[in-house]
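Trainee: quick one, what's the 3D model for this:
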Amino acid sequence: MLKLFYSDTFELPLPDRHRFPMSKYRLLRERILQDSIASQCELSLPAAATNEQLSRVHSQEYVEAICAGNLSNVEIRRIGFPWSLAMVERSRRSTGASIEAGFAALEDGLAGNLAGGTHHAFEENGQGFCVFNDVCVAARAMQGEGRVKKVLVVDCDVHQGNGTSSIARGDASLFSFSMHCEKNYPFQKTEGDCDIPLPVGTTDAFYLEKLETELKNVFDLFLPDFVFYLAGADPYTKDRLGLLDLSKEGLATRDRIVMSLCHEKGVPIAFAMAGGYAPEISDIVDIHFQTVKIAVESWARRQLSI
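Mentor: Model (predicted):
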């Protein structure tokens with residue numbers, strides 16, 4: 001069964017009219033359980049990431065400040081969520097979910113975090129709804145146990161993974177690949193190992209051809225033994241914060257390209273949901289759900305090839 005990691009703490013209570021669609025996590029879980037794929041999925045509660053795990057990526061001072069609520073108003077505004085103990089627990093659990101998905105994928109070839117993808121978190125600060133950089137913390141946890149050596153982060157959120165790029169800079173064991181809208185947040189980009197900036201209004205055909213070509217090149221260049229995939233729903237044409245013009249069908253093909261290439265190369269992959277801000281939350285859930293459904297199909301193919 002495809003192992004998926006979920007916690008009710010993913011849905012953080014927020015002030016009225018806050019633009020982050022927190023309910024998408026609960027709705028995605030419900031959609032999975034109501035669908036026929038439920039029999040092929042194993043949902044588990046992840047452990048919260050520990051301070052030791054978080055401090056492999058983030059400074060000890062930052063981790064302690066987050067946990068104690070010792071943040072300035074500027075720092076809180078930069079993150080975009082009001083500080084609370086629930087926010088700390090959510091961030092720990094979401095990061096823990098990527099850690100557990102990573103280790104599960106080593107055993108099964110593929111696993112997923114039904115949240116995560118918090119790629120705007122830097123070593124010493126958070127921003128853009130991101131507190132801890134979950135996939136970088138997970139990569140360090142796996143490397144720390146000697147389970148993997150070279151980790152590739154395939155970031156297909158519409159926004160550049162500036163925090164991931166910063167963390168991976170100068171580290172030959174961690175490679176950041178980010179395919180994003182060039183004229184979008186963050187407006188000051190942090191140069192990554194492979195950045196693919198796309199013009200506003202990019203459609204399916206150009207996006208998918210570019211993704212397949214560039215990602216194959218990165219695999220040949222970096223030779224990863226593990227992949228974390230950020231399957232953002234925000235390149236969708238109706239996304240409020242996206243500015244690209246991809247269809248739901250195009251995003252499904254995107255997922256298949258990434259997962260199929262990992263299968264072809266014999267590389268385990270763990271995925272996270274990342275962003276999604278369409279006005280209709282049902283559209284966001286549709287896109288995240290099809291990622292999970294495609295992952296179930298990919299997991300099944302992997303089992304046949306064992």
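
Trainee: strands of the stretch 51-200 of the chain, start to end?
Mentor: For the stretch 51-200 of the chain, strands defined by DSSP state E, counting those that start in this stretch occupy the ranges 110-113, 151-155, 174-181, 194-198.

Trainee: what's next to the last one, contact-wise?
Mentor: Spelled out, that is strand 194-198. Applying Cβ atoms under 8 Å, 6 or more residues apart in numbering, the external contacts of strand 194-198 come out as 160, 165, 175-182, 189, 206-207, 210-211, 214, 218, 244. (Each C-beta comes from the backbone N, C-alpha and C, glycine too.)

Trainee: with stretch 118-129 instead?
Mentor: By Cβ under 8 Å, 6+ apart, the list of residues contacting stretch 118-129 reads 20, 57-59, 61-62, 66, 75, 78-81, 91, 94-95, 130-135, 153, 155, 157, 159, 161-164, 166-167, 178, 185-186, 230, 274-275.

Trainee: okay, buried residues for that stretch please.
Mentor: 118-122, 125-129 (16 or more other Cβ atoms under 10 Å).

Trainee: quick check: phi and psi on the residue nearest the centre of the chain?
Mentor: In the chain, the centroid-proximal residue (Cα atoms, centre = their mean) is G117; its distance is 2.4 Å. Phi and psi for G117, reported as degrees, to the nearest 10, are phi 80, psi 30.

Trainee: tell me the contacts of it?
Mentor: 134-135, 155, 157, 230-232, 272-275.

Trainee: using a markdown table, please lay out those together with distance to N113 and neighbour count.
Mentor: Converted to a markdown table, those look like this (distance: Cβ to Cβ, whole Å; neighbours: other Cβ atoms under 10 Å):
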| residue | distance to N113 | neighbour count |
| --- | --- | --- |
| D134 | 7 | 35 |
| V135 | 9 | 35 |
| D155 | 14 | 30 |
| D157 | 14 | 25 |
| L230 | 10 | 26 |
| A231 | 10 | 29 |
| G232 | 13 | 30 |
| A272 | 4 | 29 |
| M273 | 7 | 26 |
| A274 | 10 | 28 |
| G275 | 14 | 27 |
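
Trainee: nearest to N51, of the residues you listed?
Mentor: D134 (15.0 Å; Cβ to Cβ).

Trainee: just checking, the closest one touches E100?
Mentor: No. Applying Cβ atoms under 8 Å, one finds D134 not in contact with E100, separated by 10.8 Å.

Trainee: find the residues that touch each one of the two.
Mentor: Common neighbours of D134 and E100 (Cβ under 8 Å, 6+ apart) are N113.

Trainee: if we can go back for a sec, and the contacts of stretch 118-129, which of them are buried?
Mentor: Looks like those have 57-58, 62, 66, 75, 79-81, 91, 94-95, 130-135, 153, 155, 157, 159, 161-164, 166-167, 178, 185, 230, 274-275 buried, using 16+ other Cβ under 10 Å.

Trainee: quick one: low-confidence parts of the stretch 201-306 of the chain?
Mentor: Where the stretch 201-306 of the chain drops to pLDDT under 70, the residues are 306.

Trainee: do a quick rundown of the helices in this protein.
Mentor: Counting by DSSP state H, the chain has helices at residues 23-34, 51-54, 60-68, 73-79, 85-108, 134-144, 162-168, 204-222, 248-265, 281-304.

Trainee: that concludes my questions; thank you for your assistance.
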